[in-house]
Each structure stands twice: as structure tokens, then as C-alpha cells.
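**Q** need coordinates for the below:
(one chain, ligands or ions: 4)
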Amino acid sequence: RQIDKAGGSYTFYDAEMNRSISGRMYLESGLRRALQREEFFLLYQPKLDVRSGKVLGAEALIRWAHPQDGIIAPNEFIPVAEETNLILQIDAWVLDAACAQAKIWQSAGVQAFRIAVNVSAREFTVSLPERIEQALSKHQISSGWLELEITESMLMQNADDVVAIMSQITALGVTLALDDFGTGFSSLSYLKRFPIDTLKIDRSFIQGIPDDADDCAIASAIIGLAKQMKHKVIAEGVENSEQFAFLQKMGCDEIQGYLFSRPLDAEKFSEVMLRSFSFPSFY
Ligand code: C2E
Ligand code: MG
Ligand code: MG
Ligand code: MG
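**A** Ligands and ions are numbered 1, 2, ... in the order given. A predicted model of the protein is given here:
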């Protein structure tokens, strides 16, 4: 029986492994089909001004409407897409779709609004500024409408190249936010070298506020650092009013999180935006 059991569990492990390998292939071929058939769509999560409560913009977040498996979240397919070149096509689709939506809102009279797009490290190459410029001119939106969210891992590539690419992007009028700030491995000295507009405090540091003294210290320190360096600072993953009150007290500029809104589809977002976005939970 013992041997059976061991054999059984070994077989089980083997099957698990196979599942993950075939699972990966299933995902990869699925992603190729998804690109051809446009199975992706974007959700938009509002970013609010802490002082006025106004919606200043939205982060575009990709979803995959899988014909059999339902809606798939990015954490399940972006890593696989990043191991292949599919991420380049996916991020190109996202940039195009976000600019198309920006055009719709711009034409509807929305002003002083910015859509943030997440950029994968793989996409951060010398051709990015030109691709952004093309997307902006294709959809005829002003560059102030677009923000890129990049991560610290991108800053660890050849520093001179990265500075040059970033400078070309900001010269277009597109702003750069450093996403998941505090979770990467780079040294803080990059803050001096790179033309970054906004620091985005990672959700993991917001979670423990107000009870976790370390989270409070880290969030306050990041806000202080951003202020001193004349960067804007935004907190992501704000889920309750205690967190919001703390961030407000510390002088955080903007916030994003379930407390105000989950990511919404464009239609729903437009509805709320046209009602001028008043959140009962805000004050
Ligand atoms: P991220 O850029 O840090 O995005 C924030 C994530 O936190 C989003 O998850 C969002 O839905 C979630 N979130 C927002 N507020 C709250 C909150 O109050 N509580 C909690 N628990 N979560 C909250 P999502 O949409 O699943 O995206 C996950 C990650 O996938 C993103 O992290 C980003 O790194 C990546 N991603 C999303 N869209 C794209 C894309 O178009 N291109 C690329 N390359 N990556 C993307
Ligand atoms: Mg992001
Ligand atoms: Mg983030
Ligand atoms: Mg994050």
C-alpha cells in the first residue's frame, strides 16, 4: 500500500508538471488566437485627486475574454506573454486601444484627463518613443492624455539607453510613473537620473495601514521622498477609509483603489464620469 501511495503521489506530481507545461502551451496558442480575434479588452480604474476628490485619470488594465475559460486576469497570462514575443503585440494592442478610448473621451469634451498604460520591460526599447508618437497621431490625441507606468526592473537595463528613451517619451509630453514603487531591486539613485513624474506606492505597503507601523513608515517615507524631489505621488490599492485618511494626512497627491472604484469597462466608466464622479465614501 505504501508503495502504491508513493507511486500514486509521484504520478500525481508528474501529471501536475505535464499540466503546467501543456497549460503553458494552451495559454500561448490561446494568446495567438486572442490577438487575431481581438479577445482582449481594457478596464479603467479611476485615479482621484486627494484634495478635490476629482477623477484625474484612469489606469487601463487588460483582460482576456477567453471563449471557453471566461475572463482571465493579466497576472495569469502576461508572464507567459513576456516569455514569448507576444507581449509586444499585446502591449501594442493596449496602447492603440487606450488611445482610441482617449479619443472618444476627448471628443466627448472630457478635459485634463490622463490614461495610464502599463508597459512591459520587454517593450521598453529604442523604438518605443516612435511607436507612442504614431499611436498619438493616429488617434489625434494630445500627448498630455497619455501616461506610461513602468517598473524599476526597466531601469536596470543599460542606463544611458533608458535615459535616452525616457527623455524622448517625456519630450512628447507623455508622463512616466514608476509603478509598484519600493518592490524592485534598483538603488534610489535612479530617481536622480531618470525623468520620472510620479511615484506609485505599491499596494503591499498600503495594505497594513494604519496598524502596521512598517507599512505606515514606508508609505510616509515614499510620500516625503516624492515631495522633496518634486515628483507626484499616488497610492494604489486603497481599500478602506483608514488608509485613505492616513494618506491624506501624509500629503499623498492621488489615490486609486477599491475604496473608490474597481476597474470599470469604458461604458460604465463614462457613465460615472459624466455624473462627475462623486464618491459617497470620499469625504
Ligand atoms: P498594476 O499595474 O500594479 O495594477 C494594479 C492592480 O491592482 C490591478 O490588477 C488592479 O485591478 C488591482 N487593484 C486596484 N485597486 C485595488 C485594490 O484596492 N485592492 C486590490 N486588492 N487590488 C487592486 P490587475 O488588473 O489584475 O493587473 C495586475 C497587473 O497586471 C498590473 O499591476 C500590471 O502589472 C499588469 N497589467 C495589467 N494590464 C496590463 C497591460 O495592459 N500591459 C501589461 N504589460 N501589463 C498589464
Ligand atoms: Mg500599473
Ligand atoms: Mg501598480
Ligand atoms: Mg502593483
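**Q** where do the helices of the stretch 101-250 of the chain begin and end?
**A** Under the criterion DSSP state H, counting those that start in this stretch, helices of the stretch 101-250 of the chain are mapped to 128-139, 159-171, 190-193, 203-206, 213-228, 241-250.
**Q** nearest to D180, of those?
**A** helix 203-206 (8.1 Å; Cβ to Cβ). Bear in mind the C-beta positions are built from the backbone N, C-alpha and C, glycine included.
**Q** before we move on, the earlier item: can you flag the weakest of the helices of the stretch 101-250 of the chain by average pLDDT?
**A** The weakest mean pLDDT among the helices of the stretch 101-250 of the chain belongs to helix 190-193, with a mean of 86.
**Q** can you give me the buried ones in it?
**A** Neighbour-count burial for helix 190-193, counted by 16 or more other Cβ atoms under 10 Å, picks out 190-191.
**Q** identify the residues contacting the closest residue to I218 other than its chain neighbours.
**A** Distance criterion Cβ to Cβ, 6 or more residues apart in numbering; nearest residue to I218, sequence neighbours excluded, is F205 at 4.7 Å. By Cβ atoms under 8 Å, 6 or more residues apart in numbering, F205 lies in contact with 182, 215, 218-219, 222.
**Q** most packed of the helices of the stretch 101-250 of the chain?
**A** Stretch with highest mean neighbour count among the helices of the stretch 101-250 of the chain: helix 203-206 (a mean of 20; mean count of other Cβ atoms under 10 Å).
**Q** next one: that helix to chain centre, how far?
**A** 14 Å (Cα atoms, centre = their mean, to the nearest Å).
**Q** tell me how far the nearest residue to G251 once chain neighbours are set aside lies from ligand 2.
**A** Residue nearest to G251 in three dimensions, not counting chain neighbours: I223, with 5.8 Å by Cβ to Cβ, 6+ apart. Per Cβ to the ion, to the nearest Å, I223 is found 18 Å from ligand 2.
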